[in-house]
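> Return atomic coordinates for the entry below.
(chains A and B)
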There are 2 protein chains.
Amino acid sequence: MTDPTVADLGEHALIARIQSRVPPSPGSVVLGIGDDAAVVEPDRGSLSVLTTDATVEGVHFDRTFTPMTAVGHKALSASLSDLAAMGAAPRYALVSIALPDTQLVSDLDAVFDGLLALAARYRTALVGGNITRSKAGLFLDVTAVGSVKRRRILTRAGARPGDDLYVSGEVGGAAAGLAWLQDAGPDQVPAEAAEACRDRYLYPEPHVRLGVQLARNRAARSCIDLSDGLADGIRQLCRTGGLGARVDAAHVPIAAGARHQCEARGDDPVVTSLMGGEDYELLFTASPSARRRVEAARRLAGKPTLTRIGQMTKDAALVLVRDSEETEIPAGYEHFRA
Amino acid sequence: MTDPTVADLGEHALIARIQSRVPPSPGSVVLGIGDDAAVVEPDRGSLSVLTTDATVEGVHFDRTFTPMTAVGHKALSASLSDLAAMGAAPRYALVSIALPDTQLVSDLDAVFDGLLALAARYRTALVGGNITRSKAGLFLDVTAVGSVKRRRILTRAGARPGDDLYVSGEVGGAAAGLAWLQDAGPDQVPAEAAEACRDRYLYPEPHVRLGVQLARNRAARSCIDLSDGLADGIRQLCRTGGLGARVDAAHVPIAAGARHQCEARGDDPVVTSLMGGEDYELLFTASPSARRRVEAARRLAGKPTLTRIGQMTKDAALVLVRDSEETEIPAGYEHFRA
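Okay, here's the model as predicted:
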């Protein structure tokens, strides 16, 4: 390949490529490219956590079944979830929006309805942004700024062999919900379970309080939010330290609708749910000696479900254990990869 | 209009509409929506200035004559110019990019070549971002974070009747350069003057040092950067205080190439240059008693050209004075407006 396209390289390679070209950071950059968010210290003792996420029509949402309120909600949710994964409390947001001339103002209102309702819930002030034309389709970039104390930053690195691996809530629901929204889901499923999945896809709730509490009492050693699926999240937590993980398939908390959908289709619910993106759950590791602190953080965060799904290992293999059988954890979703 | 489109309303009305729906800001928001950038105080005494700008293929640049290095340069330049207009020193940048699968990696490299070269010149650390697919065209959002002392923030408000009105450098050059790049410019013009205009369009230099110095010695009372043209900038500085301005046509510093282009076309060079966008000069007001401080700031900023083009008036009229004739200053460029 003398002149490869971005699709030839794939998302992770592209990020690594850009990262390699960035000069050494000044001392006030606590954490640069490569984690859920960046951490900077513009003034001594005052840390800001910065993250930006794009939402692109035709890539991240399909207008035919995604209400504009959901577009606004999801766009901010992705950024707040990134902050949560760093243990940072959200403070401010900037919104950059590009949209075609023909877009209805009522659609724009709906985008901000969804966005501002979520912002109010998590005390995030919309302080600025940009609005401009696009030739086709709606583009939305949300930048969120959060704050965190220096010794409480949660990163993707920091896991140690023997750490427990936890995931919040349930996985696979958003991907299953998307299939139903695309009218590609099976009918013979309890309506309530399917509805919960659609709702999870359209209005994911960022785990803001859980992230902050896990950082505050230093229960977790590493953390990531599940935008690209559980399998991808596990890979990311293992990568920095050259670690591996053993995940117990029986313990993976699969959304009921996702399980029903897989059964109706004859798919493997564990593998499918490991691959499904956009659940925005938190995946984190903690020392077995910190189980009480994990429970305390959970309580202070409003008691979300937490499930211990496995352990981190010194051996770099990524192992899915099912009954006595061991398989490799599948690769996750990557933009620009077919 | 029961269901207007965004084009029906226009950019300023859309921003006002969004602004009106944002709830009251918490105390740590020093300045929210509506200026060149937002100012927040996450911790007492530590101010951050936040801005985000979008660059959209087919709207902000045409791939056929805009090198990808210029795309990256211009995208960051717009954000650094916003910070300069607030008197803030740039610190950090985040880049969100959406691009089609078929985009060459070498193009992406060129975007970051342009962006990182400018970032290095103004000590701006690229700390994070996002990369994703677009269905068509390249979208680039740059968020920049700067810092400024509380009593030194420069805003669009703050002008008083009788203030001198200054503009840095020259205007009209970028718009004239764009015409030549589009092959729509006249030929009978000195090649050097045309080249300077093309260069101004492709690689505008943000007035980072001037903005910081004007804020530091409190020479300026209000300031804006000229992304949408001098006429628009004057309107913005007048709007908040309900002021007007008298601008002396003979003093408007028109780029030589722009003047030649207008003469060859039979256009009015003053009116044309008042309308032309993307020069990224600074427009600011200062008390006549502050002329020495303005000069001191200019010297410390590396001696850019500054021209006093008129005065702010209590009377809200926007007057262009030419010989003995008075006309209204034309309206500026607005996105979504034909």
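
> can you pull out the helices in chain A?
Under the criterion DSSP state H, chain A carries helices at the ranges A:6-9, A:11-21, A:68-85, A:105-121, A:173-181, A:191-202, A:208-216, A:230-239, A:256-265, A:269-275, A:291-300.

> now, of the ones you listed, which is deepest in the fold?
Of the helices of chain A, the one with the most neighbours on average (mean count of other CB atoms under 10 Å in any protein chain shown) is helix A:68-85, at a mean of 27. Every C-beta, even on glycine, is put in place using the N, C-alpha and C of the backbone.

> That helix near chain B at all?
No. Using CB under 8 Å from any CB of the partner chain, we find that helix A:68-85 stays clear of chain B, coming within 9.2 Å at best.

> circling back to that earlier point, switch the helices of chain A over to CSV; also include mean pLDDT.
Formatted as CSV, the helices of chain A follow (pLDDT from 0 to 100):
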stretch, mean pLDDT
helix A:6-9, 84
helix A:11-21, 81
helix A:68-85, 95
helix A:105-121, 93
helix A:173-181, 96
helix A:191-202, 96
helix A:208-216, 96
helix A:230-239, 94
helix A:256-265, 95
helix A:269-275, 95
helix A:291-300, 98
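
> ok, the residue in the stretch 151-300 of chain A that chain B sits nearest to - contacts?
Minimum separation of the stretch 151-300 of chain A from chain B (CB to the nearest CB) falls at residue A:227, amounting to 10.5 Å. Neighbour list for residue A:227: A:78, A:81-82, A:277-278, A:280 [criterion: CB atoms under 8 Å, 6 or more residues apart in numbering or on different chains].

> Please repeat the previous calculation with a cut-off of 10 Å.
Residues near residue A:227 by CB atoms under 10 Å, 6 or more residues apart in numbering or on different chains: A:36, A:53, A:77-78, A:81-82, A:85, A:174, A:204, A:233, A:277-281, A:332-333.

> residues contacting the nearest residue to residue A:215 once chain neighbours are set aside?
Spatial nearest neighbour of residue A:215, chain neighbours left out: residue A:87 (2.3 Å); criterion: CB to CB, 6 or more residues apart in numbering or on different chains. Listed by CB under 10 Å, 6+ apart, the contact set of residue A:87 reads A:49, A:146, A:148-149, A:152-155, A:210-216, A:218, A:220, A:223, A:284.

> need the contact list for the closest residue to residue A:297 other than its chain neighbours.
Excluding its sequence neighbours, the residue lying closest to residue A:297 (CB to CB, 6+ apart) is residue A:213, at 3.9 Å. Contacts were defined as CB under 10 Å, 6+ apart; by that measure residue A:213 touches A:84, A:87, A:207, A:219-220, A:293-294, A:296-302, A:304.

> Out of these, which is nearest to residue B:4?
Residue B:4 has its nearest neighbour among those in residue A:84, at 37.1 Å by CB to CB.

> Tell me how chain A divides into domains.
Residue ranges of the domains in chain A are recorded as A:6-150, A:164-328, according to automatic domain parsing.

> Those: which one's closest to residue B:41?
domain A:6-150 (9.5 Å).

> How far does that closest one sit from its chain's centre?
What separates the centre of domain A:6-150 from the centre of its chain is 12 Å, taken as CA atoms, centre = their mean, to the nearest Å.

> Can you check the distance spanned by stretch A:199-206, start to finish?
For stretch A:199-206, the first and last residues are 13 Å from each other (CA to CA, to the nearest Å).

> ok, now stretch A:232-245?
Across stretch A:232-245, the terminal residues are separated by 12 Å (CA to CA).

> quick one: it to chain centroid distance?
The offset between the C-alpha centroid of stretch A:232-245 and the centroid of the whole chain comes to 15 Å, using CA atoms, centre = their mean.

> For residue A:38, grab the count of nearby residues.
Taking other CB atoms under 10 Å in any protein chain shown as the neighbour definition, residue A:38 ends up with a count of 28.

> wait, doesn't it sit right on residue B:125?
Yes. Under the criterion of CB atoms under 10 Å, residue A:38 is in contact with residue B:125, at a separation of 8.9 Å.

> Please identify every residue contacting each of those two.
Common neighbours of residue A:38 and residue B:125, using CB under 10 Å, 6+ apart, are A:25, A:29, A:32, B:92-93, B:145.

> Tell me the spacing between residue A:22 and residue A:30.
Residue A:22 sits at a distance of 15 Å from residue A:30 (criterion: CB to CB, to the nearest Å).

> sorry, that was for residue A:98
Computed as CB to CB, the residue A:98 to residue A:30 distance reads 31 Å.

> who has more neighbours, the two?
Taking neighbours as other CB under 10 Å, residue A:98 and residue A:30 compare with residue A:98 leading, 27 against 18.

> Show me what the more buried one bridges to in the sheet.
According to DSSP bridges, the partner residues bridging residue A:98 are residue A:132, residue A:139.

> got the contact list for it?
With contact set as CB under 10 Å, 6+ apart, residue A:98 has these partners: A:56-57, A:130-135, A:137-141, B:54-56, B:59-60, B:98, B:137, B:139, B:141, B:335.

> cool, and residue A:258?
Residues touching residue A:258, when contacts are defined by CB under 10 Å, 6+ apart, comprise A:170-177, A:179, A:189, A:193-194, A:196-197, A:200, A:267, A:269, A:272-273, A:276, A:279.

> Assess the claim that residue A:233 and residue A:276 are in contact.
No. Checked against CB under 10 Å, the pair residue A:233 and residue A:276 is beyond contact range at 11.5 Å.

> For those two, list the residues in contact with both.
Counting by CB under 10 Å, 6+ apart, the contacts common to residue A:233 and residue A:276 are A:171, A:226, A:332.

> Out of the residues you listed, grab the one that's most surrounded.
When neighbours are counted by other CB under 10 Å, residue A:171 leads the shared contacts of residue A:233 and residue A:276 with 31 neighbours.

> Relative to residue A:253, how far out is that residue?
From residue A:171 across to residue A:253, the span is 6 Å (CB to CB).

> overlap in contacts of these two?
When contacts are counted by CB under 10 Å, 6+ apart, the set common to residue A:171 and residue A:253 consists of A:230, A:273, A:281, A:307, A:309.

> Could you find the closest non-adjacent residue to residue A:176?
Ranked by CB to CB, 6+ apart and with sequence neighbours excluded, the top spatial neighbour of residue A:176 is residue A:258, at 3.9 Å.

> And that neighbour, how far from residue A:325?
Taking CB to CB as the measure, residue A:258 and residue A:325 are separated by 21 Å.

> Touching, residue A:136 and residue B:139? I think so.
No. When contacts are counted by CB under 10 Å, residue A:136 is not listed as touching residue B:139 (11.1 Å).

> more crowded one of the two?
More neighbours sit around residue B:139 than around the other of residue A:136 and residue B:139, counting by other CB under 10 Å; the figures are 26 against 15.

> what residues are up against that one?
Residue B:139 sits next to A:54, A:56, A:96, A:98, A:132, A:134, A:137, A:139, A:141, B:54-57, B:59-60, B:96-99, B:132 when contact means CB under 10 Å, 6+ apart.

> Tell me, what's the model's pLDDT at it?
Residue B:139 is assigned a pLDDT of 95 by the prediction.

> That one and residue B:71, how far apart?
Here the criterion is CB to CB. By it, residue B:139 lies 11 Å from residue B:71.

> ok, now residue A:217?
Taking CB to CB as the measure, residue A:217 falls 46 Å from residue B:71.

> Next, work out how far apart the residue of chain A positioned farthest from its centre and residue A:228 are.
Largest separation from the mean C-alpha position in chain A: residue A:2, at 34.3 Å (CA atoms, centre = their mean). Remark: distance between residue A:2 and residue A:228 (CB to CB) = 30 Å.

> now do residue A:80
Using CB to CB, which is the criterion applied here, residue A:80 is 17 Å from residue A:228.

> do the same with residue A:138
In this structure, residue A:138 and residue A:228 are 22 Å apart, going by CB to CB.

> same deal with residue A:116?
For residue A:116, the distance to residue A:228 under the criterion CB to CB works out to 27 Å.
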